[in-house]
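J.: quick one: sequence plus predicted model below, questions after.
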Amino acid sequence: MKNKALFHIAIGVLISFGIAILRPQAVDSLLQSRWLGETMLSRYTDGSERENRIPEPIDLASLFPDIVIRRWNPETRKIALTFDDGPDDIYTPKILDILAEYNVRATFFLIGNSAEKYQNVVKRIWEEGHEIGNHTYHHSNLSKMMPWQILLDLKKARQVFADITGEDVLVVRPPYGALNPPAVEAIGNEGYNVFLWTVDSLDWWGLSKEEVIENVIPRVERGVIILHHSSGGPGEDLTGTINALPEIIETLQSQGYSFNTASEILEEIRMENEAKKLVYEGTLTTMKN
Ligand SMILES: [Zn+2]
């Protein structure tokens, strides 16, 4: 009797292995299913930016130039303002007020489960012409996750944004800037772009207005992407950002800078690559002739 049970278990294990080898996508869908996959996601939720930020060991933007963007190369004085970790009902609305006052559009990389909590703030971001980016559902450290877990997390957040705004969000900013090459490949294959930053205001350290300004203004040049936060982790204070923002925008506007959102930048990069390709093909044709 006991042997028979063991025999059945062994057959079961063999069949499972067989499926895993012959049809790996079946295992993937099982892992991504609601009842199994999602129970395994939340434990990857990490703490604050301050506790987790790690310097990027490899330059992913040069390894994956078609997927990862850290800056771009516009012909005129263009830059981008980005805000991570929102939405909340404390700082995000104040930032929206300032952006509206100066008629500036920005990109907000939102956390899916915060977006579910503050749906009106998400709607406001969207209605006021800003762009929404995916900052994962759980503010997860993607470099510690398997590709299927990453895709599941991103998909969950993407669905939240789509439900609130009707828009399919395809730009991703990894929390803590943490990513590794297999993760980038998985994200890229799914049609997402990874949007990093060039200038970090370091406002997540709870800096003063003056310190935030000092971290941004001297580093601005054509094509930089500036990182701020529109919501803090527990105990994080972003008053410095709120107070610095009007002066940062005024200074940059007076220097002739205009502000672009993530998908506008992607579109410019796409057109630039297209133009380069045409020039290249033109050169080839001339050489043939
Ligand atoms: Zn973050």
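T.: Sure thing, it's come through. These numbers were taken from a predicted model, which means no experiment stands behind them.
J.: C-alpha from now on. contacts and neighbour counts both.
T.: Noted.
J.: tell me the contacts of the closest residue to Ser114 other than its chain neighbours?
T.: Nearest in space to Ser114, with sequence neighbours left out and distances taken as Cα to Cα, 6 or more residues apart in numbering, is Pro87 at 6.0 Å. By Cα atoms under 8 Å, 6 or more residues apart in numbering, the residues touching Pro87 are Leu110, Ile111, Ser114, Ala115, Tyr118, Val121, Val122, Ser230, Ser231.
J.: switch to 10 Å and redo it
T.: Applying Cα atoms under 10 Å, 6 or more residues apart in numbering to Pro87 gives the contacts 93, 108-122, 125, 229-232.
J.: what's the answer for Glu75, then?
T.: By Cα under 10 Å, 6+ apart, the contact set of Glu75 is Arg222, Gly223.
J.: for the residue of the stretch 151-289 of the chain found nearest the ion, grab the count of nearby residues.
T.: Using Cα to the ion, the closest approach of the stretch 151-289 of the chain to the ion is made by Pro175 at 4.3 Å. Close neighbours of Pro175, defined as other Cα atoms under 10 Å, add up to 26.
J.: out of the contacts of Pro87, list just those in helices.
T.: Pro93, Gly112, Asn113, Ser114, Ala115, Glu116, Lys117, Gln119, Asn120, Val121, Val122, Ile125 (DSSP state H).
J.: so the last one makes contact with Tyr118?
T.: No: no contact is recorded between Ile125 and Tyr118 when judged using Cα atoms under 10 Å, the distance being 11.0 Å.
J.: which one of those two is surrounded by more residues?
T.: Remark: of Ile125 and Tyr118, Ile125 carries more neighbours, 23 against 14, as counted by other Cα under 10 Å.
J.: now do that one, the pLDDT please.
T.: With respect to pLDDT, Ile125 scores 98.
J.: list the contacts of it.
T.: Contacts for Ile125 (Cα under 10 Å, 6+ apart) come out as 87, 92-93, 95-96, 105-108, 119, 131-132, 165.
J.: the ion contacts on this structure?
T.: For the chain, the residues in contact with the ion (Cα under 5 Å from the ion) are Asp85, Pro175.
J.: residue closest to the middle of the chain?
T.: Nearest residue to the geometric centre of the chain (Cα atoms, centre = their mean): Arg173, 1.5 Å.
J.: over to that residue: give its phi and psi.
T.: Torsion angles at Arg173 (phi, psi; degrees, to the nearest 10) stand at phi -120, psi 120.
J.: gap between it and Leu142?
T.: Distance, Arg173 to Leu142, using Cα to Cα, to the nearest Å: 10 Å.
J.: check Val172 too.
T.: Using Cα to Cα, Val172 is found at 11 Å from Leu142.
J.: for the closest residue to Arg219 other than its chain neighbours, what are its contacts?
T.: Nearest non-adjacent residue to Arg219, counting by Cα to Cα, 6+ apart: Val199, 6.8 Å away. Counting by Cα under 10 Å, 6+ apart, Val199 touches 70-71, 81, 215-221, 224-228.
J.: most neighbours, which of those residues?
T.: Counting neighbours by other Cα under 10 Å, Ile225 comes out on top of the contacts of Val199 with 28 neighbours.
J.: fine by me, we can end here.
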